[in-house]
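Peer 1: okay, predicted coordinates and the sequence, questions at the end:
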There are 4 protein chains.
Amino acid sequence: MQPSATVVAEGHLIDSQLLTGIFDTVIERGGAFEVLRFDIGRTNDAFSRLSLKVSAADDSTLAALLEALIPFGCHAADEADALVRPTDRDGVAPEDFYSTTNQRTQVRVSGRWIDVGRQRMDAAIVITPAGAECRKLRDLRAGDRVVCGLDGIRVVPEFRDRDRADFAFMSNDVSSERRVEVSVARIARMVKDVKAAGKRIAFVAGPVVVHTGGAAYFARLVRAGYVDVLLAGNALAVHDAELALFNTSLGVDLDAGAPVSGGHRHHMRAINAVNRAGGLRAAVDAGVLPSGVLFECIRGGVDTVLAGSVRDDGPLLDTITDMVEAQDRYAAALQDVGIVIVLSTMLHGIGVGNMLPAWVPVVCVDINPAVVTKLADRGSSQTIGLVTDVGLFLHQLAAQLAPE
Amino acid sequence: MQPSATVVAEGHLIDSQLLTGIFDTVIERGGAFEVLRFDIGRTNDAFSRLSLKVSAADDSTLAALLEALIPFGCHAADEADALVRPTDRDGVAPEDFYSTTNQRTQVRVSGRWIDVGRQRMDAAIVITPAGAECRKLRDLRAGDRVVCGLDGIRVVPEFRDRDRADFAFMSNDVSSERRVEVSVARIARMVKDVKAAGKRIAFVAGPVVVHTGGAAYFARLVRAGYVDVLLAGNALAVHDAELALFNTSLGVDLDAGAPVSGGHRHHMRAINAVNRAGGLRAAVDAGVLPSGVLFECIRGGVDTVLAGSVRDDGPLLDTITDMVEAQDRYAAALQDVGIVIVLSTMLHGIGVGNMLPAWVPVVCVDINPAVVTKLADRGSSQTIGLVTDVGLFLHQLAAQLAPE
Amino acid sequence: MQPSATVVAEGHLIDSQLLTGIFDTVIERGGAFEVLRFDIGRTNDAFSRLSLKVSAADDSTLAALLEALIPFGCHAADEADALVRPTDRDGVAPEDFYSTTNQRTQVRVSGRWIDVGRQRMDAAIVITPAGAECRKLRDLRAGDRVVCGLDGIRVVPEFRDRDRADFAFMSNDVSSERRVEVSVARIARMVKDVKAAGKRIAFVAGPVVVHTGGAAYFARLVRAGYVDVLLAGNALAVHDAELALFNTSLGVDLDAGAPVSGGHRHHMRAINAVNRAGGLRAAVDAGVLPSGVLFECIRGGVDTVLAGSVRDDGPLLDTITDMVEAQDRYAAALQDVGIVIVLSTMLHGIGVGNMLPAWVPVVCVDINPAVVTKLADRGSSQTIGLVTDVGLFLHQLAAQLAPE
Amino acid sequence: MQPSATVVAEGHLIDSQLLTGIFDTVIERGGAFEVLRFDIGRTNDAFSRLSLKVSAADDSTLAALLEALIPFGCHAADEADALVRPTDRDGVAPEDFYSTTNQRTQVRVSGRWIDVGRQRMDAAIVITPAGAECRKLRDLRAGDRVVCGLDGIRVVPEFRDRDRADFAFMSNDVSSERRVEVSVARIARMVKDVKAAGKRIAFVAGPVVVHTGGAAYFARLVRAGYVDVLLAGNALAVHDAELALFNTSLGVDLDAGAPVSGGHRHHMRAINAVNRAGGLRAAVDAGVLPSGVLFECIRGGVDTVLAGSVRDDGPLLDTITDMVEAQDRYAAALQDVGIVIVLSTMLHGIGVGNMLPAWVPVVCVDINPAVVTKLADRGSSQTIGLVTDVGLFLHQLAAQLAPE
């Protein structure tokens, strides 16, 4: 007689492919299932309800299986409180800590289900006097009360909403064989909706924005108030400054499309000029940096964070060279954003994706389909991938949102 | 004492990297060289002149080496007539036939250098009463007088022209990190120049032109008279007809950006409708095909050739299913073209590239850099590669050439 | 009161994501649904049964919606015979002909459901005295009795089989970040299983097999009896012959990895030599072609079809230059194959994919993820995509199947 | 009468394409040239000598032009000492500082040409009592004597060496259509040569090494003594530890090729386990980390540097989170390396490329051709790009260097 347990789940189990995921998971992991009860939602709006008996060859397989079912919204039919244990030292968790997904999560404490705050993936859940929240391992302090094991944890997967106008649009596969103009119109409308709803709009941008001639269009978006947060690296700011000071990007004249004499040194001269001025803001104030994306962001009060990397030149004084600080600053800037648009940067895009809860829509634009696929792979239905030229994309987006 | 020979060459040997190529070739093939005389062009306009003694370990290595130097413009200091031998049967050449490059070529007959006509790569040279011309192996007939061996053959490599405004532009590497808008402006100017010079403009287009929303822009270019030749396959015409009849491409509504009910059958219904009408022209005349790229081409008298392939649906009655005929029709349509623009089709792009002499400029536009690199690799300095979204490219090009 | 209809479906509706597809389709097309009855399969082996009322704003929307539900296995609860109409002329179908998918299909004739033979996508269904079968539009003859409309048509979607050992393996996404050695072992086992079951093994191969050094490994697979069918183009045979005659591929010495003198002409010399001999078989018999993939295929009696294309050099006498004939020969060779392995050829791979029923497993190997994604997108769960170096892949596969 | 100047250059000006570059540069920048004297090297070993008069429309254009000619080895015929000026504050250079290339450089001080030490690109040159050396801008201190302007600076471009066996091999274009096995054999020989010469071998590796199953092969290379330096990021170590602890990589079982239950948490558990132990070395000592790439590197005394990034999970205690420190540690580890092999990491690969002098050979292996092209674009003939599967590449390399 195999060990077994009963789990329950409810929601849009079919359309969100949760039921498939649950059954697949049981079989893949070598278990078996019996549907005790399944009430299907009779219409598109109605929820479905599942009660499922799961069995496996031994207790440890069963435990692993039950853990694997959590992200699909399954929880034990017999409810129990979460196991909470204090960690014994700074920066690490107990060995059996529960590592979060980016889905909405609840934990049961003293018989009551409470929401987990600051949801993100790959974190521990800490119980505080005020409730429960996600915390990175490195931010744990000895004595923090960490949720361990699997009891008393409930995940509420993001449901797909078929009635949203952008449903079919968002469920498209990644492909370069699409009409991008339609996608831009949709994204423009989503951006306007987020702004109208009073939520913040974040862009994550790589230097290719400058190389492909998108900087002027992006600057227009900033001026028009469509950029609340800019997360980038040192290189975007360096090449933006190079463009402002020399009208080149990587030494290529952006009007002529050809390299100019000595142009390969322009980015170093730009770094030196900005740092001599005392950094980007001082360079704007002193008139050293007279235009560009960063110029507009500084003047427009955009929440801007530049994270360093091992390939940086310089870096600019404004670039945060410590990665722990950079991640914390990124995460702080992402609070309450309503949409994130990632422009040609796998590095910062993945960094941002790791910090976001599953319900924040993310738009990834890159000419390389492999980058779009990788960024879109967040276990979330809220991601739109667009394979296109980022300079021309920004041209189209500015034409929609900030016509001249 | 090793066997040796003396070759001479003249022209822009340095800027066209011919001298490097000559020296590299000698060493790579295990030979040795001694510069007998080199007169450098003192200014940018002046030619250089080289006289070079080449030696190798044995006669056959030396012969192979001398053959390898031909494409660089080297020819024997001691001139001899070309060896001409009749082929003994249809469709094949003598074993030692000279296989052409796409560079301008001359052969020496009865002590006189004559130009080879219909220059293309991978052909045999046939001596006719009227002169000399390239002929495909399959077009040879028993008794045709074919140039064999290496004597009396002279190649005049295309020289790079540094003073052309698009020189620096054309020597750029293939990269997706460019400002496409600048490139479009250059290409638009080249197209206008070709038109002004009374030469023909050819486009080679894949179905991605339709999928990415470029059909309407391309149709505008046709109406404005910027398309003299259209070389494509069955799929472009099928999806163009699908768009005209159902407003979808591969079943995706091009305005909504989402698949429509039953849309995966639209292309088959489009094929059936056109073929019921008796083909594309009949369908235009009967009002069955009321708009689109092919509609404009038929109305505008564009020289249009659709070549079949093993992956075709249908095909349309207009599609040439025999590849030998299709190649011949392509080659005929390409006579006297002044520029060729290849839009997202590796298959037809390579086919066309094989047929063109080296001096016809080719522009390759594709979102996949590997395709652009492959098409651009024609042993010619006359190729421009552009890695970008083809729908947005056509939008920009139409805005330059055929503003609404 | 909106028009409505009731459809029924049964099978592994949940695990095969059919139920999701049905609901999505109704909503996307602007309809509404009510679940009249849903009996879920209680265990992994048991079928589910659905009875669904579908409504839409008007009759034509409803009709389109019902058509769109057919591929998910939905059929009318009230059964009717299929509408059969004779076509009025050769090569085309009635306007409202039913265009097939690649899924197993049945039609109702005289109150009896009969299986459709020669299943493939994009065909018409013809009722013959012997039954029903798929026929390409071009093969229709005036008077052929063609199934039209939507009544009396039932599709039986391929169900995913969770208990198959390769289930989890096959449901992986396309990615270059995988351990290829594991995939090769799985594929080797699948190939052995197909052979043991007495079914045929087909390879579809591009010239990259030769360029990447895979020809010797592929030849070993032929010798070991693991290749029953070879579908390719002219280029594979040309470069295979070039390798056999000159030890180069595209002029590159495959042992030294460097171009050799005059090597760019080797492929033309190889074509000339084979065609002088009278074609590939004659060249093998005469000792002109002493080794290689085609040599082994000819000696081993492999069913080999070379399809021409517009980019071909030559072509070889063996290459079928008419695309209609080439497609027919491909399709004939694919009868009763148990697995198809596509090696680095988008052109022939798509051609083959169009001909196959959904239940034949297809393995696509290419270093370009976009090619793999495109080939794998057949509306079938029977496709495995592998992003890797095809030369090294063949090395590994030969080591598993045909160790030296 | 236009301003003009005379420059001289010597070396393998033709085969290294320096002469072409010089002429191109003059014309592209709108100047004119007159060859005063050119003595060509009569044989492959002999140097060429150029004396060139360059003129331009005005003094500033001429100055820019002369600057642009420096990287080609041109220097003023009339020698002058370098202009040396103290910088006025920490971390920045005088505005007209000379920004270095990665080519061998000399500066003229007190009438004597001295070699610049620690050559790298994008640095300032500082004159110290001991000589001259490259220094990053951020490392400059007020009072440092920095070379400014263009006088007294001489670059000695790396000459191509046609007689090296790997010459033709190294001058190949980047392509996925190559026989990788030949390239592996060449690289293995180069690695052995470097080892035999007593120089150090550096690998720069991304986590794809683990995902593609290459970790075991890489570990064998470490054990066999072929890895002196390992430069990587946090992710390589995390997934290597995940493999050692759970036999998964990103939650995928590397033997089964399929995801395992709860596997997406394995990397966080691995981080927690290593950090609980006190870092990688402590984890090895305590037996927590029993195998893998990092295990072998720690036991084998490999100079290992892990640089952080904004997308890191954890990070491990061993990861250097400050980018300035990480760059400095990378640069220190790269002193005296004889070859660098970059495996599937654009981020760290570019970082390393920025630090290396032009004469250190770099091998870039990645399945994405765009990454290889980008990494190979260092203005150096010493780069080999290989487009292939990195797991299979390491299998082949280990078979050559460290057979079991």
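Peer 2: That came through, no problem. Residues are numbered from 1 along each chain as shown, chains lettered A, B, ... in the order given.
Peer 1: quick one: residues contacting A:A197.
Peer 2: A:G338 (C-beta atoms under 8 Å, 6 or more residues apart in numbering or on different chains). C-beta coordinates here come from the backbone N, C-alpha and C atoms, glycine included.
Peer 1: ok, A:L250 touching A:H267?
Peer 2: Yes: counting by C-beta atoms under 8 Å, A:L250 does reach A:H267; the two are 7.0 Å apart.
Peer 1: looking only at neighbour counts, state which of the two leads.
Peer 2: Ranked by neighbour count (other C-beta atoms under 10 Å in any protein chain shown), A:L250 and A:H267 place A:H267 first, with 26 against 21.
Peer 1: so how far is C:T345 from that one?
Peer 2: Distance from A:H267 to C:T345, counting by C-beta to C-beta, to the nearest Å: 43 Å.
Peer 1: ok, now A:G198?
Peer 2: Counting by C-beta to C-beta, the gap from A:G198 to C:T345 is 53 Å.
Peer 1: A:L392: what secondary structure?
Peer 2: Classification of A:L392 by DSSP: H, G, I helix; E, B strand; the rest coil places it in helix.
Peer 1: related to what we said a few turns ago, shared neighbours of A:L250 and A:H267, which are they?
Peer 2: A:H239, A:E242.
Peer 1: still on that earlier bit, neighbour count winner among A:G198 and C:T345?
Peer 2: The neighbour comparison of A:G198 against C:T345 (other C-beta under 10 Å) goes to C:T345, with 27 against 8.
Peer 1: ok, that one touching C:N234?
Peer 2: No: using C-beta under 8 Å as the test, C:T345 is too far from C:N234 to be in contact (11.9 Å).
Peer 1: can you list the buried residues in stretch A:358-369?
Peer 2: For stretch A:358-369, the neighbour count (16 or more other C-beta atoms under 10 Å in any protein chain shown) marks A:A358, A:V360, A:P361, A:V362, A:V363, A:C364, A:V365, A:D366, A:I367, A:N368, A:P369 as buried.
Peer 1: closest one of those to D:V209?
Peer 2: A:N368 (20.7 Å; C-beta to C-beta).
Peer 1: any idea how far A:F295 is from the closest one?
Peer 2: In terms of C-beta to C-beta, A:N368 sits 29 Å off from A:F295.
Peer 1: and A:V360, by the same measure?
Peer 2: Taken as C-beta to C-beta, the span from A:V360 to A:F295 is 28 Å.
Peer 1: quick one: low-confidence parts of chain A?
Peer 2: For chain A, the stretches flagged by pLDDT under 70 are A:160-174, A:261, A:378-381.
Peer 1: how about the helices of it, start to end?
Peer 2: Ranges of helices within chain A are A:18-28, A:59-69, A:167-170, A:180-196, A:208-211, A:215-223, A:234-246, A:266-277, A:280-285, A:293-300, A:323-333, A:346-355, A:369-376, A:390-401, based on DSSP state H.
Peer 1: for D:V184, which of those is the nearest?
Peer 2: Here helix A:369-376 is closest among these (C-beta to C-beta), at 24.0 Å.
Peer 1: quick one: contacts of the closest one?
Peer 2: For helix A:369-376, using C-beta under 8 Å, 6+ apart, the contacting residues are A:174-176, A:342, A:344, A:346, A:349-350, A:353, A:362, A:364-366, A:383-387, C:173-176, C:369-370, C:373, D:368.
Peer 1: buried subset of those?
Peer 2: With burial judged by 16+ other C-beta under 10 Å, the buried subset of the contacts of helix A:369-376 is A:174-176, A:342, A:344, A:346, A:349-350, A:353, A:362, A:364-366, A:383-387, C:174-176, C:369-370, C:373, D:368.
Peer 1: bridging residues for A:D115?
Peer 2: Beta-bridge pairing for A:D115 (DSSP bridges): A:Q106.
Peer 1: count residues in the vicinity of it, would you?
Peer 2: 13.
Peer 1: for A:A286, same thing?
Peer 2: 12.
Peer 1: say whether chain B is contacted by stretch A:247-257.
Peer 2: Yes: applying C-beta under 8 Å from any C-beta of the partner chain, one finds stretch A:247-257 touching chain B at A:S249, A:L250, A:V252, A:L254, A:D255, A:A256, A:G257.
Peer 1: which two in the buried residues of stretch A:358-369 are spaced the farthest apart?
Peer 2: A:A358 and A:I367 (26.4 Å).
Peer 1: hmm, back to that, now, which of the residues of stretch A:247-257 next to chain B lie close to chain C?
Peer 2: Within those, nothing lies near chain C by C-beta under 8 Å from any C-beta.
Peer 1: those residues, buried ones only, as a PyMOL selection?
Peer 2: Restricted to buried positions by 16+ other C-beta under 10 Å, the PyMOL selection for those reads:
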select buried, chain A and resi 249+250+252+254+256+257
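Peer 1: circling back to that earlier point, among the buried ones among the contacts of helix A:369-376, which are in strands?
Peer 2: Among the buried ones among the contacts of helix A:369-376, the residues falling in strands (DSSP state E) are A:V342, A:V362, A:C364, A:V365, A:D366, A:T383, A:I384, A:G385, A:L386, A:V387.
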